[in-house]
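Peer 1: Need the 3D shape of this:
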Amino acid sequence: MKKIHIVALVVIAAAIAYLLITMSKDLTTYDTIASAQQKQGKFIHLIGKLDRSRPIEYDPVKNPNYLAFYAVDSLGGQTRVIYHSTKPSELEMSERIVMKGKMNGNVFECKEILLKCPSKYKDDPGQRQPTTEKNSSEKNPQPQY
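Peer 2: Purely as a prediction, here's the structure:
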């Protein structure tokens, strides 16, 4: 092999290693509330559900950029969430909430909220019309031989 080929291979390998290292910082995992409390002040992604047994604090007349609620993760951990922006319109209907922000004591200071509503993508059985034998035979007639 020529020296130029060896140098080119080393440069390509270094470039790939650099890209892998810089891209691995962008890979995020979801934290539980317990692990988030151990990462005080670090930017994390927290996934949980709205605790419907506790009230949501939001008064758009008084301060439209203040929302406070409690979230519960899959392990049962709870935290108070404070979000300094307008309330997402479907917060109460969401199945899961992805929150991006930092833990400050026992309070999660949220910068961004993503709502996960799988009901939008599932077929709602209540919307289906019942099929009868007559309707199904009209839509799918049996071939005549």
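Peer 1: In contact with the most centrally placed residue in the chain, which residues?
Peer 2: Note on the chain: the residue nearest the mean C-alpha position is Val98, at 3.4 Å, using C-alpha atoms, centre = their mean. Val98 makes contacts with 30, 45-47, 113-116, as judged by C-beta atoms under 8 Å, 6 or more residues apart in numbering. C-beta: built from backbone N, CA, C; applies to glycine.
Peer 1: Helix, strand, or coil at it?
Peer 2: Remark: Val98 carries the secondary structure label strand [criterion: DSSP: H, G, I helix; E, B strand; the rest coil].
Peer 1: From Leu19, how far off is it?
Peer 2: In this structure, Val98 and Leu19 are 26 Å apart, going by C-beta to C-beta, to the nearest Å.
Peer 1: Bridge partners for the residue nearest to the centre of the chain, pull those for me.
Peer 2: Residues found in beta-bridge contact with Val98 (criterion: DSSP bridges) are Ile47, Leu114.
Peer 1: How about Ala71?
Peer 2: Judged by DSSP bridges, the bridge partners of Ala71 are Leu50, Thr79.
Peer 1: What count of nearby residues applies to it?
Peer 2: 22 (other C-beta atoms under 10 Å).
Peer 1: I'd assumed Thr79 was in contact with it.
Peer 2: Yes - in this structure Ala71 lies within contact range of Thr79 using C-beta atoms under 8 Å: 5.8 Å.
Peer 1: intersection of neighbour lists for those two?
Peer 2: Taking C-beta under 8 Å, 6+ apart as the contact criterion, the residues that touch both Ala71 and Thr79 are 33, 46, 48, 108.
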